[in-house]
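Peer 1: have a look; sequence and predicted model below, questions after that.
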Amino acid sequence: GPKVLQIPSHQIIDMGQMVTLNCDPVSNHLYFYWYKQILGQQMEFLVNFYNGKVMEKSKLFKDQFSVERPDGSYFTLKIQPTALEDSAVYFCASSGDSNNQAPLFGEGTRLSVL
Amino acid sequence: GQGVEQPAKLMSVEGTFARVNCTYSTSGFNGLSWYQQREGQAPVFLSYVVLDGLKDSGHFSTFLSRSNGYSYLLLTELQIKDSASYLCAVRFPNYNVLYFGSGTKLTVEP
């Protein structure tokens, strides 16, 4: 079936550096999301993106975070600069334009900030 | 987020059933989804409900009461492999965003 792909699966980075997490959503999906999950804890909404724009973002989506999807390629989450508390698994999800379509999640990128 | 609450843990026995409860703030409710998540893996979609009542999908059934802000996921004929976390996620009418509860970790014992 359709899949959301995330690259890389694991990223280790030094605090203060920049990191870009990549997501390849399902091809005909129009809504894209990033969620953050610290190990063993709640899945927390960060941001969603539609028609080239951020539609909604949570308090967790700090000024250091940005998202884009240039020319229909990867949907990316960039963190610059990174902080220790950014260590978590970041899940990308996508959904179609139907009112009752639940988002499909990727396998996540585990980010470790040292 | 958005007042979505679930018990942290649940234990049951192979061959029996388990009911995972979820409560949420009713204001602006626009649908509820259930996901299964195994440790270190992506959440897997199980069911979506928006109308009151019981929706039977075989091994999984879901119930919703909108006036009470309550849903449950019922797993029948439990198998050991049903041991996982079950996430309740509520959608509010803002661009299809889901707000998750903290998840219920189900352990199925022999």
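Peer 2: Yep, that arrived.
Peer 1: need the residues of chain B near chain A, please.
Peer 2: Proximity of chain B to chain A is confined to B:1, B:31, B:33, B:35, B:37, B:41-45, B:48, B:50, B:87, B:89, B:94-103 under the rule Cβ under 8 Å from any Cβ of the partner chain. Where you see a C-beta, it was placed from the backbone N, CA and C, and this is true even at glycine.
Peer 1: what do you get if the cut-off is 7 Å, keeping everything else the same?
Peer 2: Residues of chain B lying close to chain A by Cβ under 7 Å from any Cβ of the partner chain are B:1, B:31, B:33, B:41-43, B:45, B:48, B:50, B:87, B:94-100, B:102-103.
Peer 1: please, a PyMOL command that selects the buried ones among those?
Peer 2: Buried residues among those (16 or more other Cβ atoms under 10 Å in any protein chain shown), as a PyMOL selection:
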select buried, chain B and resi 1+31+33+42+43+45+48+87+96+97+98+99+100+102+103
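Peer 1: convert the C-alpha atoms of the lowest-mean-pLDDT helix or strand in chain A to CSV, please.
Peer 2: Sorting the helices and strands of chain A by mean pLDDT, DSSP states H and E puts strand A:53-57 at the bottom, at a mean of 91. These are the backbone C-alpha positions of strand A:53-57, laid out as CSV (Å, rounded to 0.1, in the frame of the first residue of the first chain):
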residue,chain,number,x,y,z
LYS,A,53,1.8,27.1,3.6
VAL,A,54,1.9,26.4,7.3
MET,A,55,-1.7,26.1,8.4
GLU,A,56,-1.4,25.3,12.1
LYS,A,57,1.5,25.1,14.5
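Peer 1: which pLDDT does the model give the residue nearest the centre of chain A?
Peer 2: Centre of chain A computed as the mean C-alpha position; nearest residue by Cα atoms, centre = their mean is residue A:34, 3.2 Å away. Looking at residue A:34, its pLDDT stands at 97.
Peer 1: contact partners for it?
Peer 2: A:46-47, A:67, A:77, A:90, A:92 (Cβ atoms under 7 Å, 6 or more residues apart in numbering or on different chains).
Peer 1: in PyMOL, select just the buried ones from those.
Peer 2: In PyMOL, this line selects whichever of the contacts of residue A:34 come out buried by 16+ other Cβ under 10 Å:
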select buried, chain A and resi 46+47+67+77+90+92
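Peer 1: can the contacts of residue A:34 go into TSV with extra columns for secondary structure, distance to residue A:106 and pLDDT?
Peer 2: Shown next, in TSV, are these (DSSP: H, G, I helix; E, B strand; the rest coil; distance: Cβ to Cβ, whole Å; pLDDT from 0 to 100):
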residue	secondary structure	distance to residue A:106	pLDDT
A:46	strand	14	97
A:47	strand	15	96
A:67	strand	14	96
A:77	strand	12	97
A:90	strand	9	98
A:92	strand	5	97
